[in-house]
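K.L.:
here is my input, please return the structure:
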Amino acid sequence: MKSKTRITLFAIALVAILAVTGVNVYSVMADDDEATFSNEQMQEVMDANQQLESEITRLQNEQEMEEPAAMQERQEALQATAETFVQTVYTEEASSYENRKDEAEPIMQDDLHEFLFPADEQEETEQRAIPEDVQFFVETGELNQPEATIMARFSHTYSTSSDEDTTATFIELDAEQQEDGAWIIQDFRDAVESMEGDGGV
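P.N.:
Numbering: from 1, shown residues only. Have a look, this model is predicted:
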């Protein structure tokens, strides 16, 4: 969002300075019957050109510094949303169900939330499940777009009073950025099954 504003301001500044420089040159030409510059007039044009170059350089430097920062901010916001999704959806524990349901609501599409958290409370069972060692992967180019797909890889540990088992889990999350900058999960799927469906493996 900010980078687009910076580019717009850059264009406006460039046009404005070019216009001023053009007026100066035209004025000098119009005032001189032989269309020649005095040393003083030439210096004025050179100073104007130097001002233009300095302004362009300044704005370019600011834009180059801002774009990585904006990209980093968008990526961190997307990963935070994905982290919330993984922790609320892939944790299985009756005592935390209501809190997880409430926490998940603002980060996912309404129909998806109703599908994943259909009940008001979860029946108590011996089985527990927690996601651990979560890693996220996202195409950098997608951070410039209002929609992005992020892949999550984590260890999913299931346990009961007598047994424990850990599996590697890979999922893909489809997210859409809102006007306020927040990301909303629209859908998710098993990444391995998705690759098999696309003929990837």
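
K.L.:
drop to CA atoms for contacts and neighbour counts, all remaining ones
P.N.:
OK.

K.L.:
gap between the nearest residue to Tyr158 once chain neighbours are set aside and His113?
P.N.:
Excluding the flanking residues, the one nearest Tyr158 by CA to CA, 6 or more residues apart in numbering is Ala129, at 4.4 Å. Distance, Ala129 to His113, by CA to CA, to the nearest Å: 19 Å.

K.L.:
just Thr167 next, same as before
P.N.:
Using CA to CA, one gets 25 Å for the distance from Thr167 to His113.

K.L.:
cool, Glu126 as well?
P.N.:
24 Å.

K.L.:
element containing the closest residue in space to Glu147 that isn't next to it in sequence, please.
P.N.:
Nearest non-adjacent residue to Glu147, counting by CA to CA, 6+ apart: Glu176, 4.4 Å away. Using DSSP states H and E, Glu176 sits in strand 164-177.

K.L.:
would you map the helices across this protein?
P.N.:
With DSSP state H, the ranges of helices along the chain come out as 2-31, 39-89, 97-104, 110-116, 191-197.

K.L.:
worst average pLDDT in those?
P.N.:
Note on the helices of the chain: helix 2-31 shows the lowest mean pLDDT, a mean of 48.

K.L.:
what about Arg153, how many residues close to it?
P.N.:
Here the number of neighbours of Arg153 (other CA atoms under 10 Å) works out to 19.

K.L.:
that one reaches Gln135, doesn't it?
P.N.:
Yes - contact between Arg153 and Gln135 holds when scored by CA atoms under 8 Å: they sit 5.2 Å apart.
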